[in-house]
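Colleague: curious how this folds, go ahead:
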Amino acid sequence: EEDSPHPSFVNGKEMIAVDNEKSITRKEDPLNAYLQKHIDITLPYEMLGSITAVTKNGEKFDIIRDGRFVVPGTEELNIPLQEG
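Modeller: Residues are numbered from 1 along each chain as shown. Next comes the predicted model:
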């Protein structure tokens, strides 16, 4: 079903899996394409409450908060999210 679009259950926007150099070979050589070593999960940004980095000293820094990038200098990454 990787080639099939699916609506987001959050906002109804169309989502589709994106191939990488390994997964693109799935039609010709499926055993090579699927290594069973990871799972790609796509979540709409608006679903994310936060993604927080924790330093070895226990300090916490939000990277994403309320579905938007909040690290100084990453404001431009929010533009496509606002346009969508």
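Colleague: buried residues in stretch 23-31?
Modeller: By 16 or more other Cβ atoms under 10 Å, the buried positions in stretch 23-31 come out as S23. C-betas here are computed from N, CA, C, even on glycine.
Colleague: then stretch 8-28?
Modeller: Within stretch 8-28, the residues scored as buried using 16+ other Cβ under 10 Å are S23.
Colleague: work out the gap between it and the centre of the chain.
Modeller: 11 Å (Cα atoms, centre = their mean, to the nearest Å).
Colleague: give the rounded mean pLDDT of that stretch.
Modeller: Across stretch 8-28, pLDDT averages out at 78.
Colleague: end-to-end on it?
Modeller: With Cα to Cα, to the nearest Å applied, stretch 8-28 spans 29 Å between its terminal residues.
Colleague: for the residue of the chain positioned farthest from its centre, what are its contacts?
Modeller: Centroid-distance maximum for the chain: N57 at 27.6 Å, with Cα atoms, centre = their mean. Listed by Cβ atoms under 8 Å, 6 or more residues apart in numbering, the contact set of N57 is empty.
Colleague: pretty sure it sits in a helix.
Modeller: No: judged by DSSP: H, G, I helix; E, B strand; the rest coil, N57 forms no part of a helix; its state is coil.
Colleague: look up phi and psi at it.
Modeller: Main-chain torsions, N57, degrees, to the nearest 10: phi -90, psi 0.
Colleague: please shift the residue numbers so they start at 44 in all later answers.
Modeller: OK, 44 is where the count begins now, so the last one is N100.
Colleague: just the strands in this protein please.
Modeller: 49-50, 57-58, 93-97, 103-108, 111-112 (DSSP state E).
Colleague: could you redo those as JSON lines and give each row distance to S66?
Modeller: Listed next are these as JSON lines, based on distance: least, Cβ to Cβ, whole Å:
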{"stretch": "strand 49-50", "distance to S66": "16"}
{"stretch": "strand 57-58", "distance to S66": "16"}
{"stretch": "strand 93-97", "distance to S66": "24"}
{"stretch": "strand 103-108", "distance to S66": "25"}
{"stretch": "strand 111-112", "distance to S66": "26"}
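Colleague: for these, which one sits closest to T85?
Modeller: Closest to T85 of the strands of the chain is strand 57-58 (Cβ to Cβ; 6.2 Å).
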